[in-house]
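Asker: Provide a 3D model corresponding to the input given below.
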Amino acid sequence: MKIIKLTSVGKSPIYINVEHIGHFYEIADKIEYGRVTEAKHTRVGVTTHNNGGFKVIESVDKIIKILS
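Answerer: Purely as a prediction, here's the structure:
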């Protein structure tokens, strides 16, 4: 079992078992009325949860590098 450490959007650490990652993708800034309401982040989906995944600050490229 391999565990990786990522950082949530709220700046707290998240430890994820690599074997249970289902998907990960980047989400662009969300802009409403000319203001950024949600900053760019990456969504990491884990197969053991049905909640849509975790919001982390690491980019897709950084996660791929961590996994390699």
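
Asker: please look at residue 29 and residue 38 and confirm they touch.
Answerer: Yes. Contact status for residue 29 versus residue 38: in contact at 7.0 Å, counting by Cβ atoms under 8 Å. (Each C-beta comes from the backbone N, C-alpha and C, glycine too.)

Asker: which one of those two has more residues nearby?
Answerer: residue 38 (13 against 10; other Cβ atoms under 10 Å).

Asker: which residues touch the more buried one?
Answerer: Contacts for residue 38 (Cβ atoms under 8 Å, 6 or more residues apart in numbering) come out as 27, 29-30.

Asker: now the residues you listed as a markdown table including secondary structure, pLDDT and distance to residue 44?
Answerer: Shown next, in a markdown table, are the contacts of residue 38 (DSSP: H, G, I helix; E, B strand; the rest coil; pLDDT from 0 to 100; distance: Cβ to Cβ, whole Å):
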| residue | secondary structure | pLDDT | distance to residue 44 |
| --- | --- | --- | --- |
| 27 | strand | 89 | 11 |
| 29 | coil | 88 | 18 |
| 30 | strand | 88 | 18 |
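
Asker: for residue 64, state which of those residues is nearest.
Answerer: Taking Cβ to Cβ as the measure, residue 64 lies nearest residue 27 of the contacts of residue 38, at 16.6 Å.

Asker: what count of nearby residues applies to the closest one?
Answerer: By other Cβ under 10 Å, 12 other residues sit near residue 27.

Asker: check residue 55 too.
Answerer: Neighbour tally, residue 55, other Cβ under 10 Å: 17.

Asker: thought it was touching residue 9?
Answerer: Yes. Shown here, residue 55 and residue 9 form a contact pair, counting by Cβ under 8 Å, at 4.4 Å.

Asker: common neighbours of those two, please.
Answerer: Residues touching both residue 55 and residue 9 (Cβ under 8 Å, 6+ apart) are residue 41.

Asker: now do the helices in the protein.
Answerer: With DSSP state H, the ranges of helices along the chain come out as 60-67.
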